[in-house]
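Asker: Compute the structure for the input listed below.
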Amino acid sequence: MDPSTSSGVPLRFHGGLAGALAPFVLFLVGVGWLGLSGAPDETGFWPVLLGGLTLGLLLAQDKRGYAEAMLDGMSRKLVMVMVMAWMLAGVFGVLLRDSGLVQSLVWAAQSAGVGSGGYAVAAFLVCALFSTATGTSLGTILVCAPLLYPVGGVLGTDPAFLIGAILAGATFGDNVSPVSDTTIASASTQGADINGVVRSRMRYALPAAFVSIAVFAVLGGGDGTQAGAGPSTDADATGLLMLAVPIMVLFVLMKQRHLIEGLVYGILGAAILGLLLGRFTPADLLSIDRENFVAQGLVLDGMRRAVGVSMFTILLMGLVGGLEAAGIVDRIVAWVQSRSGTPGQAEWWIFGSVTGATLLTTHSTVAILAVGDLAKEVGEGAGIDGYRRSNILDVTVCTYPFLFPVFIPVILAASMTAGVDGMPRVSPWEVGLHNVHSWALLVVIVLAITTGWGRTAEERMPT
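Answerer: Residues are numbered from 1 along each chain as shown. Purely as a prediction, here's the structure:
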């Protein structure tokens, strides 16, 4: 990723560094204000992002260069993959919802005597297994949230803790899975073997997971006001046959096939199996309303669900593109490289650098790659082994993007709570606040650096 313009020269802004950061600061302030004011969904962030892009253009000395950097950020392949995934997952979720699978899951949970707090724990564990097997937090949210969130209405599970548990489970796998992009990036940049990294990472991930399970079990039950809400149609075990579809998607993703491929197979599988079981008709999938001159059906309903988070993603990455073109991350790296002494000081510099890169790039893997060489150089100079460096990088980037409402995983999880019968829409602020696992991870890594806990054990990495 080249942080400069096409001419190879970083963008300059009126006001220097403050001018370069001003658009992002405006975005953070606007999101904070909207969140505290009760912004209903991610569409409320669109004008703030547009305002940030406008401010960046006005402050940029090379306005053409800023416009190109903005468009480069919007048009990168990663953005198109996410937009396509949002759209396909919207269709997939709607098909599973209208197939009666959610009602059957409610029936199964009630028959098994699962309590409201127990269901929040179960949701966390299911998502943790799914994300660990597939290595994708976003894929876990896309596949699991439409199934698990609606069930909480009948069981009386607290909505915010339930979607928080789903996001927490997705976070767990992103952090520890050997096929996660953050695991691969953190290990490869530090010259560490992935198997050893995963084993050593458990000392951080498991305590956070145990705390999460305890909190979800105690607080996930809510106050009982939700009990009895949610899907109300008669349901039996027949709808559980639709579980074969998400299981198939899990199998495809475990084979390291592309997320888009897995979601396409999921849509086809859900449509075919739903038709065979009589859960919906071809006209339910897609039909023409000749009187109003429009097409309608479940496929279009699902695609429309992706509009909010897709536009947010495109605008956000445009803002990030302008920020990257200013070379701010490179400035942070260069400033830190000469400042380390003891192992503790070096670890704080690594932690601080990847924190800054994560907040500025809004992407976990990009942040690791941006400061990977710095972490290796500073860490090796202080005698910190590759496992420890890798774990500081990965644990840190699995906190902020899953906590703060300016990051895509939190926005996506919040968008999954929209239009669910009997369950309220949860704001991005609430979603992040209730992701107990990421908060616990942040506490664990801060304590580990402060006390040196785990540092000696990880120095056993073979050379």
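
Asker: where do the strands sit along the protein?
Answerer: In the chain, the strands defined using DSSP state E lie at 287-289, 294-296.

Asker: For residue 16, which of those strands is the nearest?
Answerer: Nearest to residue 16, of all the strands of the chain, is strand 294-296, at 51.7 Å by C-beta to C-beta. For the C-beta atoms, the positions are set from N, CA and C on the backbone; glycine is no exception.

Asker: Can you tell me the closest non-neighbouring residue to residue 418?
Answerer: residue 425 (5.1 Å; C-beta to C-beta, 6 or more residues apart in numbering).

Asker: Tell me the confidence at the residue most central in space within the chain?
Answerer: What sits nearest the mean C-alpha location of the chain, by C-alpha atoms, centre = their mean, is residue 409, with 2.4 Å. Confidence at residue 409, expressed as pLDDT, is 92.

Asker: Tell me which residues touch it, please.
Answerer: By C-beta atoms under 8 Å, 6 or more residues apart in numbering, residue 409 lies in contact with 137-138, 141, 167, 170-171, 401-402.

Asker: Could you find which two of the residues you listed are furthest from each other?
Answerer: Using C-beta to C-beta, the pair of those lying farthest apart is 141 and 401, separated by 12.1 Å.

Asker: Report the contact partners of residue 168.
Answerer: By C-beta under 8 Å, 6+ apart, the contact set of residue 168 is 124, 127-128, 212, 216, 402, 435-438.

Asker: What is the burial count for the residue nearest to it when sequence neighbours are not counted?
Answerer: With C-beta to C-beta, 6+ apart as the criterion, residue 168 has its nearest non-adjacent residue at 3.6 Å, and that residue is residue 437. Residues lying near residue 437 (other C-beta atoms under 10 Å) number 31.

Asker: how about residue 437, what does it touch?
Answerer: By C-beta under 8 Å, 6+ apart, the residues touching residue 437 are 124, 168-169, 171-172, 208-209, 211-212, 402.

Asker: before we move on, what about residue 300?
Answerer: Applying C-beta under 8 Å, 6+ apart, the residues contacting residue 300 are residue 286.

Asker: what does residue 44 give?
Answerer: Residue 44 sits next to residue 34 when contact means C-beta under 8 Å, 6+ apart.

Asker: separation between it and residue 33?
Answerer: Here the criterion is C-beta to C-beta, to the nearest Å. By it, residue 44 lies 10 Å from residue 33.

Asker: before we move on, back to that, could you dump the contacts of residue 409 to CSV with neighbour count?
Answerer: Listed next are the contacts of residue 409 as CSV, based on neighbours: other C-beta atoms under 10 Å:
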residue, neighbour count
137, 31
138, 20
141, 27
167, 32
170, 34
171, 32
401, 25
402, 29
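
Asker: Closest one to residue 455 out of those residues, please.
Answerer: Set against residue 455, the nearest of the contacts of residue 409 by C-beta to C-beta is residue 171 (23.7 Å).

Asker: State whether the closest one and residue 137 are indeed in contact, as I suppose.
Answerer: Yes: assessed by C-beta atoms under 8 Å, residue 171 is found in contact with residue 137 at 6.2 Å.

Asker: Identify the contacts common to these two.
Answerer: In contact with both residue 171 and residue 137: 131, 402, 409, using C-beta under 8 Å, 6+ apart.

Asker: before we move on, the earlier item: which residue in the contacts of residue 409 has the weakest pLDDT?
Answerer: Sorting these by pLDDT puts residue 138 at the bottom of the list (85).

Asker: nearest to residue 416, of the strands of the chain?
Answerer: Closest approach to residue 416 among these (C-beta to C-beta): strand 294-296, 22.4 Å.

Asker: and residue 417, what does it touch?
Answerer: Contact partners of residue 417, counting by C-beta under 8 Å, 6+ apart, are 145, 149, 159, 163, 423-426, 431.

Asker: Which pLDDT does the model give the closest residue to residue 13 other than its chain neighbours?
Answerer: Distances taken as C-beta to C-beta, 6+ apart place residue 19 nearest to residue 13, at 3.4 Å, with adjacent residues excluded. Note on residue 19: pLDDT of 90.

Asker: Isn't residue 19 up against residue 25?
Answerer: No: judged on C-beta under 8 Å, residue 19 makes no contact with residue 25 at a distance of 10.4 Å.

Asker: Between these two, which has more neighbouring residues?
Answerer: Neighbour totals were compared for residue 19 and residue 25, and residue 19 leads with 19 against 12 (other C-beta under 10 Å).

Asker: just to revisit the earlier point, can you tell me how far the residue nearest to residue 13 is from residue 315?
Answerer: Remark: distance between residue 19 and residue 315 (C-beta to C-beta) = 20 Å.

Asker: What of residue 275?
Answerer: For residue 275, the distance to residue 315 equals 38 Å [C-beta to C-beta].

Asker: higher neighbour count, these two?
Answerer: Higher neighbour count among residue 275 and residue 315: residue 315, with 22 against 15, using other C-beta under 10 Å.

Asker: coming back round to it: ok, the residue nearest to residue 13 to residue 58 distance?
Answerer: Residue 19 sits at a distance of 10 Å from residue 58 (criterion: C-beta to C-beta).

Asker: any idea which of the contacts of residue 168 is closest to residue 74?
Answerer: Nearest to residue 74 out of these is residue 402 (C-beta to C-beta; 23.4 Å).

Asker: Next up, the contacts around residue 448.
Answerer: Taking C-beta under 8 Å, 6+ apart, we find residue 448 in contact with 204, 454-455.

Asker: ok, now with 10 Å
Answerer: By C-beta atoms under 10 Å, 6 or more residues apart in numbering, the residues touching residue 448 are 203-204, 347, 351, 388, 391-392, 395, 454-455, 458.

Asker: Likewise for residue 165?
Answerer: By C-beta under 10 Å, 6+ apart, the residues touching residue 165 are 119-128, 148-149, 152, 157-158, 212-213, 215-216, 220, 434-437.

Asker: sorry, back to before: let me have the contacts of residue 168 in CSV, adding distance to residue 358 as columns.
Answerer: What follows is the contacts of residue 168, written out as CSV (distance: C-beta to C-beta, whole Å):
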residue, distance to residue 358
124, 23
127, 22
128, 22
212, 21
216, 25
402, 11
435, 15
436, 20
437, 17
438, 12
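
Asker: just checking, which of these belong to helices?
Answerer: Secondary structure assignment by DSSP state H places 124, 127-128, 212, 216, 436-438 of the contacts of residue 168 in helices.

Asker: Against residue 381, how distant is the closest residue to residue 327 other than its chain neighbours?
Answerer: Residue nearest to residue 327 in three dimensions, not counting chain neighbours: residue 10, with 3.5 Å by C-beta to C-beta, 6+ apart. Separation of residue 10 from residue 381 (C-beta to C-beta): 27 Å.

Asker: out of these two, which sits in the busier spot?
Answerer: Comparing residue 10 with residue 381 by other C-beta under 10 Å, the one with more neighbours is residue 10, at 19 against 13.

Asker: That one is in contact with residue 326, isn't it?
Answerer: Yes: counting by C-beta atoms under 10 Å, residue 326 is a contact partner of residue 10 at 5.7 Å.

Asker: Having no further points to raise, I will conclude here.
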